[in-house]
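Colleague: model the structure of this input:
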Amino acid sequence: MNKKLKFAINIVIILLVLGIVLYFSLKDNFNQILDCILKMNYLWFIIGVLGLVGYRTLTGISTYLLAKLNNANMPILRSIKISFIIQFFHGVTPFATGGQPMEVYYMHNEGNDITKSTNIVLQNFMVYQMALILLGLIAVTYNHKFRLFADNTLIKKLVVVGFAINTLVLIATFVISFSKKINKFICNQGLNLLTKLKIVKNKDNTKEKLEEYLNKFHKNATILKTHKLEVSKIVVINILALLSLYSIAFSVIYGLGYHDIKLIDSIVTVAYIMVMGSFVPIPGGTGGIEYGYIFFFSYLIKGNILTASMLLWRLISYYLAIIIGGICLMTYRKKEKA
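Modeller: This next block holds a predicted model:
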């Protein structure tokens, strides 16, 4: 199956699930929800959009700082633009799997070799996962103390599984980055298989190139160990980025006229939703994310505002993000100057 066909299938799936979500969300009280949206204070909608822009800008700054640590070429404005492009590929691929490979591609387009580009992307992924797990731990601690959600076996199971998956992914990434022996074993096994399948014809020459690549890769990977203070600052930037993303729901709810909600409660709730959405194998977690929003926020808000806020939140945090990313993709030029 070629890339264009896969992309088209993903878009069709997104639109189909979106149609189903809209149908079940609006079928009983369409006029009331529409009226609720039309009466919104749109200044808060704009603040929500700024939350999205802040999120992608800060993740772009994170990439820029890591590139700087790796002595790579990545002007800050280019890095921010590429951050929006990566959001597009995250949004249209299952489990957001399209983001990292495309990030390597665009890093390489900026004049960096593949090894260094791969390192920077892995480092960026690791600091992002660290921020995600730290915020998740804070959210769980907050919920445990203030009982934001009633005792619910499903919630507990989802949280445990979510933390387990994210932690295992982070550990696996660290192993890939720092364990030369494990990497060498995996690569050798893969090379043997490709040789048996007659895909690789000159095994010795390929092995030599592979070892050279691994040596360069592990040399660059040590940056996370040797620049702990700088890396800590980048983790903080990623935490701020996620807080900016998680605050969008609060802006939407407040703009719809519901003021009996705390910012911290909204952020904690979105943190739970994002854990749940990560299990959904549909691009953007479509369907699961919407269900998660209704499920978790029903503890805080009721009625038409609940459904209206869910629709506006997804419009900003997902669909608008894809649109902006798509525009950045179409206007990207390989040799464009910052």
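Colleague: report all helices and strands that the host helix or strand of L191 contacts.
Modeller: Secondary structure from DSSP states H and E places L191 in helix 180-196. Here helix 180-196 touches helix 153-178, helix 203-221, going by 3 or more C-beta pairs under 8 Å, 6 or more residues apart in numbering; DSSP states H and E. For the C-beta atoms, the positions are set from N, CA and C on the backbone; glycine is no exception.
Colleague: which of these has the lowest mean pLDDT?
Modeller: Between the helices and strands packed on helix 180-196, the one with the least mean pLDDT is helix 203-221; it has a mean of 69.
Colleague: low-confidence ranges in the stretch 101-250 of the chain?
Modeller: 150-152, 155-156, 198, 200, 209-221 (pLDDT under 70).
Colleague: sec struct for T63, please.
Modeller: Per DSSP: H, G, I helix; E, B strand; the rest coil, the local secondary structure of T63 is helix.
Colleague: separation between it and V268?
Modeller: Using C-beta to C-beta, to the nearest Å, one obtains 27 Å as the distance from T63 to V268.
Colleague: which positions within the helix ranked longest in the chain qualify as buried?
Modeller: The longest helix of the chain (DSSP state H) is helix 114-146. Buried residues in helix 114-146, counting neighbours by 16 or more other C-beta atoms under 10 Å, are found at 115-133, 135-136, 139-140, 142-143.
Colleague: who are the packing partners of it?
Modeller: Using 3+ C-beta pairs under 8 Å, 6+ apart, the elements in contact with helix 114-146 are helix 42-69, helix 99-109, helix 153-178, helix 203-221, helix 223-226, helix 228-246, helix 263-277.
Colleague: relative to helix 114-146, how tilted is the second one?
Modeller: Interaxial angle of helix 99-109 relative to helix 114-146 (axes from the mean of the first three to the mean of the last three C-alpha atoms, to 10 degrees): 140 degrees.
Colleague: list the helices and strands helix 99-109 packs on?
Modeller: Based on contacts counted as 3+ C-beta pairs under 8 Å, 6+ apart, the elements that helix 99-109 packs against are helix 76-91, helix 114-146.
Colleague: hmm, 10 Å instead?
Modeller: If contacts are counted by 3 or more C-beta pairs under 10 Å, 6 or more residues apart in numbering; DSSP states H and E, helix 99-109 sits against helix 42-69, helix 76-91, helix 114-146.
Colleague: switch the ones you listed over to CSV; also include distance to L311.
Modeller: Converted to CSV, the helices and strands packed on helix 99-109 look like this (distance: least, C-beta to C-beta, whole Å):
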stretch, distance to L311
helix 42-69, 12
helix 76-91, 17
helix 114-146, 24
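Colleague: please name whichever of those is nearest to K203.
Modeller: Set against K203 and scored by C-beta to C-beta, these come closest in helix 114-146, at 20.9 Å.
Colleague: next, the angle from the longest helix of the chain to helix 42-69.
Modeller: Taking the same axes, to 10 degrees, one finds that helix 114-146 is oriented at 130 degrees with respect to helix 42-69.
Colleague: for the host helix or strand of L306, list the C-alpha coordinates in CSV.
Modeller: Per DSSP H and E: L306 is located in helix 304-314. Output of helix 304-314 as CSV, limited to C-alpha atoms (Å, rounded to 0.1, in the frame of the first residue of the first chain):
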residue,chain,number,x,y,z
ASN,A,304,-25.3,21.5,26.8
ILE,A,305,-22.1,23.2,27.9
LEU,A,306,-20.4,19.8,28.3
THR,A,307,-21.1,18.8,24.7
ALA,A,308,-20.5,22.3,23.3
SER,A,309,-17.1,22.6,25.1
MET,A,310,-16.0,19.2,23.9
LEU,A,311,-16.7,20.1,20.2
LEU,A,312,-14.9,23.5,20.5
TRP,A,313,-12.0,22.0,22.4
ARG,A,314,-11.4,19.3,19.7
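Colleague: quick thing: my sequence starts at 49, can you match it?
Modeller: Sounds good: first residue 49 from here, last item helix 352-362.
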